[in-house]
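Asker: predicted model follows, preceded by the sequence.
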Amino acid sequence: MAEALARISQVQDWGMIQIRADLSRAGDAIAEAAGVALPGQGRITTDGSRTLGWMSPDELLLVLPRAETAEALAALQDALATEHALVLDVSDMRAVFRIQGAKALDVLMKLCPADLAAMPQDGLRRTRAAQVACGIWRETDGYVLIGFRSVTDYLRGILTGAAVPGTQLDPR
Amino acid sequence: MLTLTCPYCGIAAEETELQPGGEAHLKRFGPGSTDAEFEAYLFARKNPKGVHFERWRHAYGCGKWFMAARDTATLQVFGTYSAQTPHPTPEIVAAIQAHRPDWQPDWLAEPTTQTPADTSAESLNA
């Protein structure tokens, strides 16, 4: 009873690179430079440390350890030098939270107007958490939620509040 | 509650994830048009009770504008389609007529292909 629905923790050591390009033209070059395969519509691909997520028909997000960001940024810019494309380090723009535990889905169900239970195992869903935009995908034992850094405190507050002990959605 | 499927990312987005953009398929009348045309472009809207075409933006998602065909009275959604179309697509028309046999398109000719002449207004901005 006294246990929170999920463990909410903020991730500080991830880097993020936003890639905007014509994916049908530059997809192979991006996949090679990023080191992970190109994800399908609304999906992610991952090799364990790096994750490439499909954000919109012309946008990808590469999530990787912070230390590798500069190197990957240079590789992607090099690979897309001949394309009309944007490669940008957005690590400092984002806040990342982990929602872990058996009832992690309950926490997100309270905040998001999305059917996350039906999301594929490798799905990425952009939606809103209460009043702010966010992106959500699965990882081992829970979910990852990304939002804007300017609303970090708000996100931490609503996630912690939604995980208060005894507030699970199943009947008691 | 209105749930529309974004044709660009395939997500069934709920109304609060979307930004409404008003009536679809308006033709712009800018410099060189008459005052009456310009006023109609700015203010005249169909506001029908029944089948209507609207613009929506997947604001809390991929951020793309798309079109939706729905009934304003029953909230029945007939379909969503790409914003890069001068008129509702034949598939959308068929979906509407499957539910509303009396309904007829109110635009003139169904363009078989999108010719450059049809999009001259957009190509100025391209």
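Answerer: Alright, I've got the coordinates. Numbering: from 1, shown residues only, chains lettered A, B, ... in the order given.
Asker: for A:Val151, which non-adjacent residue is spatially closest?
Answerer: What sits nearest to A:Val151 in space, not counting adjacent residues and going by C-beta to C-beta, 6 or more residues apart in numbering or on different chains, is A:Val132, at 4.6 Å. Any C-beta I mention is one placed from the backbone N, CA and C, and that applies to glycine too.
Asker: who does the one you found form a beta bridge with?
Answerer: Using DSSP bridges, the beta-bridge partners of A:Val132 come out as A:Ala129.
Asker: again, but for the one 5 residues further on
Answerer: Per DSSP bridges, the residues bridged to A:Trp137 are A:Leu124, A:Val144.
Asker: tell me, how many residues neighbour it?
Answerer: 23 (other C-beta atoms under 10 Å in any protein chain shown).
Asker: show me what counts as buried in stretch A:110-124.
Answerer: Under the neighbour-count criterion of 16 or more other C-beta atoms under 10 Å in any protein chain shown, stretch A:110-124 has A:110-114, A:116, A:119, A:122-124 buried.
Asker: specify which member of those residues is nearest to B:Ile96.
Answerer: A:Pro113 (26.9 Å; C-beta to C-beta).
Asker: spatially nearest residue to whichever residue of chain A sits closest to chain B, not counting backbone neighbours?
Answerer: Going by C-beta to the nearest C-beta, chain B is nearest to A:Ser56 of chain A, at 3.4 Å. Excluding its sequence neighbours, the residue lying closest to A:Ser56 (C-beta to C-beta, 6+ apart) is B:Cys62, at 3.4 Å.
Asker: what about residue 61, helix or strand, and which?
Answerer: Just so you know, I chose chain A. Applying DSSP states H and E as the criterion places A:Leu61 in strand A:59-65.
Asker: quick one, phi psi at B:Gly22?
Answerer: B:Gly22 has phi and psi values of phi 80, psi -160 when expressed as degrees, to the nearest 10.
Asker: can you pull the contacts of it?
Answerer: By C-beta atoms under 8 Å, 6 or more residues apart in numbering or on different chains, the residues touching B:Gly22 are B:45, B:54-55.
Asker: okay, now the sheet partners of the one helix or strand B:Trp56 maps to, with direction.
Answerer: Element membership for B:Trp56 (DSSP H and E) is strand B:51-57. Taking DSSP bridges as the criterion, strand B:51-57 pairs within the sheet with strand B:19-23 (antiparallel), strand B:65-71 (antiparallel).
Asker: quick check: the residue of chain B nearest chain A.
Answerer: For chain B, C-beta to the nearest C-beta, closest residue to chain A: B:Cys62, 3.4 Å.
Asker: so what's that residue up against?
Answerer: The neighbourhood of B:Cys62, defined by C-beta under 8 Å, 6+ apart, consists of A:55-57, A:59, A:126, B:6, B:8-9, B:11.
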